[in-house]
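Enquirer: Sequence first, then the predicted structure, then my questions.
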Amino acid sequence: MTIALRRDSIREFPMAGPQISDTVVAPRVRRGTVFAAVACGLMILALVAFSGIGRWLVVEDSVAKARAIAVLSGRMPLRALEAARLYRQGYAPEVWLTRTSEPGESLKEMGIAFEGEEVYNARVLIHEDVPAAAIHVLETPIVNTADEVRVISAALAHEKNCSVILVTTKPHTRRLGVLWRKLAPPDCRAVVRAASGDPFDPGHWWRNSGDALDVLREVLGLMNAWAGLPLTP
């Protein structure tokens, strides 16, 4: 038996499964676009900060006459050579050297003689035509840059001219300035100078391990200084 179906009697049913309307898709697409744009922007900022941090660390003051030129410990003979150059140019009548406590004290307990870094810095200065009479070693032993700032500023406290040229290496200049402003008396003026012979490459510091370690050390040191020096040697 043939059954005839009338066309108007057939009901159309919707297809099974969820359907996503354009009104739902559009906000999702917009959110994804915004997220991608923000992520790209953050990546660009991170790359700029990464490549520029070396230059940011190097901050020098205009050179000016002072009571003394202080050579910070480390990086022999670069810092002593720069101090000698400044001395010959007449920026100060004396060159001061700091004395590190280690490894001299540990070796002394073992009965091993040790000539400290200040001895070799003095020899470099004399080799560079700085008179021995103009070289003074600040006897209070130091461990780190904060100690050096305290010792140097304490020596200046007894001088009428409370000013000093601090000689260090390029990536250390910013942290040295921060520590001086934090620890030294406000009436003592410091001129921070970097050794001109320092091979540190601020624009490409990530290309060699020495520069990379310098940047890492200085960033961590700055964070410690800004936090109030909670980390001790």
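Expert: Yep, that arrived.

Enquirer: Quick check: the gap between residue 184 and residue 159.
Expert: Relative to residue 159, residue 184 is positioned 13 Å away (Cβ to Cβ, to the nearest Å). Quick note: C-beta positions are derived from backbone N, CA and C, even for glycine.

Enquirer: So which of those two has more stuff around it?
Expert: Using other Cβ atoms under 10 Å, the more surrounded residue of residue 184 and residue 159 is residue 184, with 20 against 12.

Enquirer: and the more buried one, what does it touch?
Expert: Contacts for residue 184 (Cβ atoms under 8 Å, 6 or more residues apart in numbering) come out as 149, 150, 152, 153, 190.

Enquirer: What of residue 226?
Expert: Residue 226 touches residue 178, counting by Cβ under 8 Å, 6+ apart.

Enquirer: Could I get the pLDDT score of it?
Expert: Predicted confidence (pLDDT) at residue 226: the value is 94.

Enquirer: Also residue 29?
Expert: pLDDT recorded at residue 29 is 67.

Enquirer: want to try CSV for the contacts of residue 184, with pLDDT and secondary structure as columns?
Expert: Formatted as CSV, these follow (pLDDT from 0 to 100; DSSP: H, G, I helix; E, B strand; the rest coil):
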residue, pLDDT, secondary structure
149, 97, helix
150, 97, helix
152, 97, helix
153, 96, helix
190, 97, strand
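
Enquirer: I'd like the residues you listed as CSV, with distance to residue 130 and neighbour count appended.
Expert: Listed next are those as CSV, based on distance: Cβ to Cβ, whole Å; neighbours: other Cβ atoms under 10 Å:
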residue, distance to residue 130, neighbour count
149, 23, 25
150, 25, 15
152, 18, 25
153, 23, 18
190, 20, 23
